[in-house]
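S.K.: need a structure here:
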Amino acid sequence: MDQRIVMIDPGTGQTLTEEQHDERLATAAALLRRRGVRAGDTVLICLPVGSDLLVAADAVMAAGAAVSPLAPDGDGLWERVVTSSARLMISDDPRALAAAQDSRIRVVMSAAELGA
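M.R.: Alright, predicted model coming up:
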């Protein structure tokens, strides 16, 4: 079977095939739904560019929610997290996690927890 590469992770150089993406996407979308993500929700994602970001964003959309991306090294990260109406965030960034404590966000998931 011919495997198509969906992404090459710029940080690690690892490839993500279409089959791997689809498997991780299905697992992550199901977990998001179990955590209460519904159509019309917004989910903040603060992950570096790579396969985790791709899978997380696709899983949020598969769950029917909107993705609100945040650059881990971007200006205004704290303000964007604190003022967001999102109740769920996917991040491994310590600054984003600290900001979530002062926000409406009630569920914070890491990329590893999401299975992304």
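
S.K.: only C-alpha atoms for contact and neighbour calcs from this point on.
M.R.: OK.

S.K.: any low-confidence regions in the chain?
M.R.: Counting by pLDDT under 70, the ranges of the chain that qualify are 1-3, 116.

S.K.: any idea which element the most centrally placed residue in the chain lies in?
M.R.: Residue closest to the mean C-alpha point of the chain, counted by C-alpha atoms, centre = their mean, is residue 56 at 3.6 Å. Element membership for residue 56 (DSSP states H and E) is helix 51-62.

S.K.: which elements pack onto that helix?
M.R.: Using 3 or more C-alpha pairs under 8 Å, 6 or more residues apart in numbering; DSSP states H and E as the contact criterion, the elements in contact with helix 51-62 are helix 18-34, strand 42-46, strand 66-69, helix 111-114.

S.K.: if we go to 10 Å?
M.R.: Judged by 3 or more C-alpha pairs under 10 Å, 6 or more residues apart in numbering; DSSP states H and E, helix 51-62 is in contact with strand 5-8, strand 15-17, helix 18-34, strand 42-46, strand 66-69, strand 88-91, helix 111-114.

S.K.: so can I have TSV of the ones you listed showing distance to residue 79 and mean neighbour count?
M.R.: TSV is the format used below for the helices and strands packed on helix 51-62 (distance: least, C-alpha to C-alpha, whole Å; neighbours: other C-alpha atoms under 10 Å):
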stretch	distance to residue 79	mean neighbour count
strand 5-8	31	14
strand 15-17	33	17
helix 18-34	24	17
strand 42-46	13	25
strand 66-69	14	18
strand 88-91	14	24
helix 111-114	22	16
